[in-house]
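Visitor: Fold the following.
(chains A and B)
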2 protein chains.
Amino acid sequence: MAYSPELERILKEKGIKVGNRVRVEKNGHVYEGLLMPRIEVGDEKTLIIKLDSGYNVGIKYEKGVRIEKVGEGKEPGKIPRLKIRHNTELPDVVMIATGGTIGTHVDYLTGGVYMCRDPEEILFMAPEVTEIINLKKALRPFTLASEDMTPDEWKTLAKLVAKELNEGAYGVIITHGTDTMHYTSAALSFMLRNLNKPVVMVGAQRSPDRGSFDGAMNLICASHVVKSDIAEVVVVMHGTTNDDYCLAIRGTKVRKMHSSRRDAFRPINEMPIAKVWQDGKIEILNEHRKRKEGKVEADAKFEPKVAIVKAYPGSNPKIIDWYVDNDYKGLVIEGTGFGHVPTQPLKKEDSWIPHVKDAVERGVFIGITTQTIYGRTNPYVYRNLRLLNEAGGVHLEDMLTEVAYVKLGWVLGHTKSMKKVKGMMLTNYAGEITKTSDPRSFLY
Amino acid sequence: MAYSPELERILKEKGIKVGNRVRVEKNGHVYEGLLMPRIEVGDEKTLIIKLDSGYNVGIKYEKGVRIEKVGEGKEPGKIPRLKIRHNTELPDVVMIATGGTIGTHVDYLTGGVYMCRDPEEILFMAPEVTEIINLKKALRPFTLASEDMTPDEWKTLAKLVAKELNEGAYGVIITHGTDTMHYTSAALSFMLRNLNKPVVMVGAQRSPDRGSFDGAMNLICASHVVKSDIAEVVVVMHGTTNDDYCLAIRGTKVRKMHSSRRDAFRPINEMPIAKVWQDGKIEILNEHRKRKEGKVEADAKFEPKVAIVKAYPGSNPKIIDWYVDNDYKGLVIEGTGFGHVPTQPLKKEDSWIPHVKDAVERGVFIGITTQTIYGRTNPYVYRNLRLLNEAGGVHLEDMLTEVAYVKLGWVLGHTKSMKKVKGMMLTNYAGEITKTSDPRSFLY
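Guide: Okay, the predicted model is just below:
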């Protein structure tokens, strides 16, 4: 994109091309760096300068602004690209890019937002990261928007993370689309056995062409967490809509709770593990596993024939039969309240109980969660709950529906014995079950 | 249940029977009322006295406590029952009881919690209500736990409410189980056209045998709201876990967000209509319809062949075909983030897009909501959203999934023209669509 005719004339007069090193003075401030082309969405009178820090700055050209060429730049006439600085005195971290908004960049020719060509480029948005960690390598096993992730990608990631950790990475950062980041974080929490280092998932709710872009700060906070003693799969995203701090939330207790806010990721039924500031301060708020020696195991067996079924007024229980007829091995029923399904005393043929009973008799595991999101199921309080329990439905404590679904696929990847499946589903493997919900965490 | 042997001996000596009027002195305090039998779960040395206010008080018997008989009581030897006081100077309110925890009472013989025999009995738990409103009548069209409610009951309620309002009730209070109260509140919001008086839904998260019973305060606050100018279907429940105030939340913007907490009902994407205190103070926080003259119409047509389908990683899009094959007329897909479904570029046969397209071509309406609960869908931000949109999926603004489902049944009860259905689904009928979400309402 070209600047305004007036600005283009001035640049031409001074022999300044895109990519040259320039010095701009405005109101006593001096900016020095490489001249970038205009962003399509940007004001045509605003010069874009890439500073040595890696950040771009926009300077509106008006009376009194002076611009001078101070060097040719490395590739005059071409759009400047940064190289990642490596500092081998910092901890070696592997970054795995999977897609999503955080994997995009603004193209200075078109102004559009595109996937980065190279996963390293993601760090150009947050150059400070290279002063916190040493990027050992950046990998991109696949590029998928998060709505397109499947259990196959979870397995790929688990194996890759285990390999990199076992080959010496101090920790792993995974960039990921936000929509299903909490499904992936749960999957990795179960699949990475004996995890002994941080695995930090990070994304962006706003694209980098917007002033409210959150990816840079999230990456900076993620790089502090990946250096920390928090040896868990965690999601690191904005804690508030301000750029004050991020939250590090356990991978099995996190949920995207808003479609667009930057602070959409919230802890459910327990406090976040930590608050993290851009300057590196970490305030621990909850228990967590610590770094230790040993090998990480990628236990990535997964039975894909699992599904979530929601129970609600007017819902059709024959949906359970459909899954059973189609050879599904397990279902998570998202019930109401303490984990209810319709029992329909007035229209017994619409009751869910016989369908649950039939599925269980046919060897399908039926787990029960609650659609309230917060809180815990309870199989005893009311008679209808006991009916469901007697039919074979297993109330899954305070596990999130999404987490229960992921866990069920993982458990069924290991055993088809219904007794063992039940035992494993009610065993806490990765912080997915809390004994008592922290009251402070409600709507945190 | 009997009191402790010592206490039973003292009562016998003084000739005091259950049902007698007694006077108990302890630490200078004097309590006078009818002697109740012990509650099973209660301490055997704690006397239960029904005060004239209607409330029970427990007084632990210990040294220095004096108990005297001061009257026979109306039915000595029998468990005292209250009669509802009527004060025709207060506004005439109709109470409709449907079941749920708030419709239960503690049986003083067994200590168990049972359904009230008579809907009026519900008010025995909150006798103050009779000083706020005049109970014109108490109706019980059916007794169902809320997990057993169906669209048929919504229709019954809508017709009953409209009849009572048109026959002069100043407002209606509906007691309801909490699990699906927000589905019913949404259904009544759509079915009660030209609503001109308050319709207040109220429940209890804790049963009346527990110290944390919330039903009494909720009923008291509900009776203040039913006298107010808020001519909407609202849910009135605890605002916090303390007994400080209740919230009145619009019937289409409310959701049970915790399985057990007393403050489980929260507003989504907008502020509550009001805070309500037990002393009658009402603080208005949001816009609402006002009382006015005219007739309410029960527009209770409802197409039951509607369903909710959740989209998530690994989900099977053939579930859409199953519903279409079974003659369903409309589906609400609870997508991820802005309203995504899996498009599966790596395994095109698993994409949801062709199934959506096929359903739409076969005349089935496909609405899209978000499983983030908070926030709004958006059909434009990403390419995959536009794909879904082009296939015929209609993103339903910031409607809650549950509300969109109820609304879709109601809309399809009126027209099967897909163009009209889309128009109606995107028209705001009862506050279910807000133009901009109030940022203060996130995790309120």
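
Visitor: only C-alpha atoms for contact and neighbour calcs from this point on.
Guide: OK.

Visitor: excluding its backbone neighbours, what's nearest the residue nearest in space to the middle of chain A?
Guide: Central residue of chain A (CA atoms, centre = their mean): residue A:181, 3.8 Å from the mean position. Residue nearest to residue A:181 in three dimensions, not counting chain neighbours: residue A:146, with 6.9 Å by CA to CA, 6 or more residues apart in numbering or on different chains.

Visitor: How about the contacts made by the one you found?
Guide: A:99-100, A:176-181 (CA atoms under 8 Å, 6 or more residues apart in numbering or on different chains).

Visitor: what comes up buried for the one helix or strand residue A:67 maps to?
Guide: According to DSSP states H and E, residue A:67 maps onto strand A:66-71. Within strand A:66-71, the residues that qualify as buried are A:67, A:69, counting by 16 or more other CA atoms under 10 Å in any protein chain shown.

Visitor: chain center to that strand, what's the gap?
Guide: Distance, stretch centre to chain centre, for strand A:66-71: 42 Å (CA atoms, centre = their mean, to the nearest Å).

Visitor: Describe which strands the helix or strand just after it pairs with in its sheet and in which direction.
Guide: Following strand A:66-71 in sequence order, the next helix or strand is strand A:92-97 (DSSP H and E). With DSSP bridges as the test, strand A:92-97 is paired with strand A:134-139 (parallel), strand A:171-175 (parallel).

Visitor: Report the distance from the shortest one to the chain centre.
Guide: Computed by CA atoms, centre = their mean, the separation of strand A:171-175 from the middle of its chain amounts to 10 Å.

Visitor: could you turn it into CSV, dropping everything but the C-alphas?
Guide: Provided in CSV are the C-alpha atoms of strand A:171-175 (Å, rounded to 0.1, in the frame of the first residue of the first chain):
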residue,chain,number,x,y,z
GLY,A,171,9.3,-26.5,28.5
VAL,A,172,7.0,-26.3,25.5
ILE,A,173,4.7,-23.4,24.3
ILE,A,174,1.8,-24.4,22.0
THR,A,175,0.1,-21.7,20.1
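
Visitor: So for stretch A:78-96, mean pLDDT?
Guide: Regarding stretch A:78-96, the rounded mean pLDDT is 87.

Visitor: Flag every buried residue along it.
Guide: A:79-80, A:84, A:90-96.

Visitor: now stretch A:11-24
Guide: For stretch A:11-24, by 16+ other CA under 10 Å, it's A:11, A:16-24.

Visitor: In strands, which of the residues you listed fall?
Guide: Counting by DSSP state E, the buried residues of stretch A:11-24 place A:21-24 in strands.

Visitor: just to revisit the earlier point, which of the buried residues of stretch A:78-96 sit farthest apart?
Guide: A:79 and A:91 (31.1 Å; CA to CA).

Visitor: per-residue pLDDT, residue A:111?
Guide: pLDDT, residue A:111: 59.

Visitor: just the buried residues of stretch A:11-24 that are near chain B?
Guide: Among the buried residues of stretch A:11-24, no residue sits close to chain B (CA under 8 Å from any CA of the partner chain).

Visitor: Determine which stretch of the strands paired with strand A:92-97 is the most buried.
Guide: strand A:171-175 (a mean of 27; mean count of other CA atoms under 10 Å in any protein chain shown).

Visitor: as a whole number, average confidence for it?
Guide: 98.

Visitor: next helix or strand past it?
Guide: helix A:181-191.

Visitor: For the nearest residue to residue A:52 once chain neighbours are set aside, which three-state class applies?
Guide: Leaving aside its sequence neighbours, residue A:52 sits nearest to residue A:33 (CA to CA, 6+ apart; 6.0 Å). At residue A:33 the chain is in strand, as set by DSSP: H, G, I helix; E, B strand; the rest coil.

Visitor: ok, residue A:33 - how many residues close by?
Guide: 25 (other CA atoms under 10 Å in any protein chain shown).

Visitor: how much space between it and chain B?
Guide: 33 Å (CA to the nearest CA, to the nearest Å).

Visitor: Report pLDDT for that residue.
Guide: 91.

Visitor: Give the full set of residues in contact with it.
Guide: Counting by CA under 8 Å, 6+ apart, residue A:33 has contacts A:21-23, A:49-52.

Visitor: Same check on residue A:93?
Guide: Applying CA under 8 Å, 6+ apart, the residues near residue A:93 are A:133-137, A:169-173, A:226.

Visitor: And it, how far from chain B?
Guide: 28 Å.

Visitor: What ranges does the stretch 301-444 of chain A have for its strands?
Guide: A:306-310, A:330-335, A:365-370, A:394-395 (DSSP state E, counting those that start in this stretch).

Visitor: deepest of those, which one?
Guide: strand A:365-370 (a mean of 30).

Visitor: How about the residues of the stretch 301-444 of chain A by chain B?
Guide: Residues of the stretch 301-444 of chain A lying close to chain B (CA under 8 Å from any CA) are A:304, A:307-310, A:312-315, A:336-338, A:340-345, A:370-377, A:443-444.

Visitor: Now that we have these, which of them are buried?
Guide: A:304, A:307-310, A:312-315, A:336-338, A:340-344, A:370-377, A:443.

Visitor: Wait, a strand at residue A:157?
Guide: No - according to three-state DSSP, residue A:157 belongs to no strand; its state is helix.

Visitor: Can you name the residues of the stretch 151-300 of chain A that neighbour chain B?
Guide: So the stretch 151-300 of chain A meets chain B at A:151, A:178-180, A:183, A:255-261 (CA under 8 Å from any CA).

Visitor: go again using 6 Å as the cut-off
Guide: For the stretch 151-300 of chain A, the residues in contact with chain B (CA under 6 Å from any CA of the partner chain) are A:179, A:256-259.

Visitor: Pipe those residues into CSV and attach neighbour count and secondary structure per row.
Guide: As requested, those are arranged in CSV below (neighbours: other CA atoms under 10 Å in any protein chain shown; DSSP: H, G, I helix; E, B strand; the rest coil):
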residue, neighbour count, secondary structure
A:179, 31, coil
A:256, 24, strand
A:257, 25, coil
A:258, 26, strand
A:259, 25, coil
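
Visitor: which residue packs closest to residue A:156, ignoring adjacent ones?
Guide: Using CA to CA, 6+ apart, the closest residue to residue A:156 is residue A:141 (7.8 Å).

Visitor: tell me, how many neighbours does the one you found end up with?
Guide: By other CA under 10 Å, neighbour count at residue A:141 equals 14.

Visitor: Equivalent analysis for residue A:158, please.
Guide: Neighbour tally, residue A:158, other CA under 10 Å: 23.

Visitor: Any figure for the gap between it and chain B?
Guide: Applying CA to the nearest CA to residue A:158 and chain B gives a distance of 16 Å.

Visitor: can you check residue A:217 too?
Guide: 21 Å.

Visitor: That residue sits in which helix or strand?
Guide: Using DSSP H and E, residue A:217 falls in helix A:215-226.

Visitor: neighbouring contacts of that helix?
Guide: A:102, A:125-126, A:129, A:171, A:198, A:204, A:236-237, A:278, A:280 (CA atoms under 6 Å, 6 or more residues apart in numbering or on different chains).

Visitor: And for stretch A:305-312?
Guide: With CA under 6 Å, 6+ apart, stretch A:305-312 has contacts from A:328-335, A:341, A:409.
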